[in-house]
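Student: here is the input, now give the coordinates:
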Amino acid sequence: MSINLKTLRQFDLNALVTLSVLLEVKHVTKAAEQLNLTQSAVSRTLSKLRDALDDPILVKSGKHLALTNKAERLEPAVTAILQQVSNILEPEVFDPKKHTGTIRLATTDYGTHTLLPKLIPLLAEEAPNVQLTAVDWPSNLLNELEENKVDLIIGGTKKPPEDIFQRVLAHDHFKALVRAEHPIKDRISLEQYLSLNHIMISPSGRGNSAIDEILATMGHKRNVSVRVPHFFAALEVVASTDYIILLPSHFIRRYVDQTKFRVLEPPFEIPPMEVSMFWHARMHQAPLHKWFRRFIYEKVYNRVKS
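Tutor: Model prediction:
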């Protein structure tokens, strides 16, 4: 059934509230008291309702007023409409223990290894009926969120567009990594760094990173020989070549066997990397997603409420 916008524009929908009370109390003065309006205001509204509905609505019956046949038929419909409007306007009460839904979370293989083992037990306890689907970090952050392919992305990236929200979860620092038998020993100069072949973590397999932009401001360019989408695949390449890679220090501490690799300080200053949540404006006020984002921030990353 299509909505008749012309008819709705001609009718004051606020009058439905007055109509509902009149249908209930069947008395203009009592309706005015309940609505905190003057009797004349309610009488004027009743007159407009009579014209709009082509029905007297209330008629004399002895010493009292009674509903017309049409008014009796209208009463349950008016009550249902106002109840639906009230439900829309009432703030949603979200109970994670009872809620059923799905969260589609995208992150890197590194993020999956560090996040999911902690997240899943906590989520099972707090929201047992919420299903979690984890997918690879998308090659195009904007498209994946805008096309509703994922709900939340956790990782590091450049400043997102205006329709994508960001909340920083943690910071990390980059370290350089080479194999243990690499010709370069304890320290690496900028000249040595630039002379090497580099591996870059790149979900899309193309383009430059923030590191390349930093080097460009210094008037330098590195040779990115290999682009791979996953952290652990990059480790395997580093282990069998003289290539070099920059990786988050937390990843190195947790997953890199330092008897097989050598960790070096980068020969130039690199700002700390931000680990953030990203979500589309469409999901900003959705109860499940709003709760889940706060849950990640406070419970999983142990951040203080803000």
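
Student: could I get the full set of helices for the stretch 1-150 of the chain?
Tutor: 5-10, 15-25, 28-35, 39-53, 69-89, 109-126, 141-146 (DSSP state H, counting those that start in this stretch).

Student: what's the burial count for residue 264?
Tutor: The tally of other residues near residue 264 (other C-beta atoms under 10 Å) stands at 20. Quick note: C-beta positions are derived from backbone N, CA and C, even for glycine.

Student: isn't it up against residue 174?
Tutor: No. Contact criterion C-beta atoms under 8 Å: residue 264 and residue 174 do not qualify, at 10.7 Å.

Student: contacts only, for residue 108.
Tutor: 136, 137, 155, 201, 203, 230, 231 (C-beta atoms under 8 Å, 6 or more residues apart in numbering).

Student: quick one, phi psi at the fifth one?
Tutor: The main-chain torsion angles of residue 203 are listed as degrees, to the nearest 10 and equal phi -60, psi -30.

Student: need the per-residue pLDDT for it.
Tutor: pLDDT recorded at residue 203 is 76.

Student: how near is it to residue 225?
Tutor: According to C-beta to C-beta, to the nearest Å, residue 203 stands 18 Å off from residue 225.

Student: which of the two has more neighbours?
Tutor: Neighbour comparison, residue 203 and residue 225: the larger count goes to residue 203, with 19 against 13 (by other C-beta under 10 Å).

Student: so what's the more buried one closest to, chain neighbours aside?
Tutor: Sequence neighbours aside, residue 139 is the residue nearest to residue 203 in space, at 4.4 Å (criterion: C-beta to C-beta, 6 or more residues apart in numbering).

Student: I'd assumed residue 207 was in contact with the one you found.
Tutor: No. Counting by C-beta under 8 Å, residue 139 stays clear of residue 207, with 9.6 Å between them.

Student: neighbour count: those two, which is higher?
Tutor: Shown here are residue 139 and residue 207; by other C-beta under 10 Å, residue 139 has more neighbours (14 against 11).
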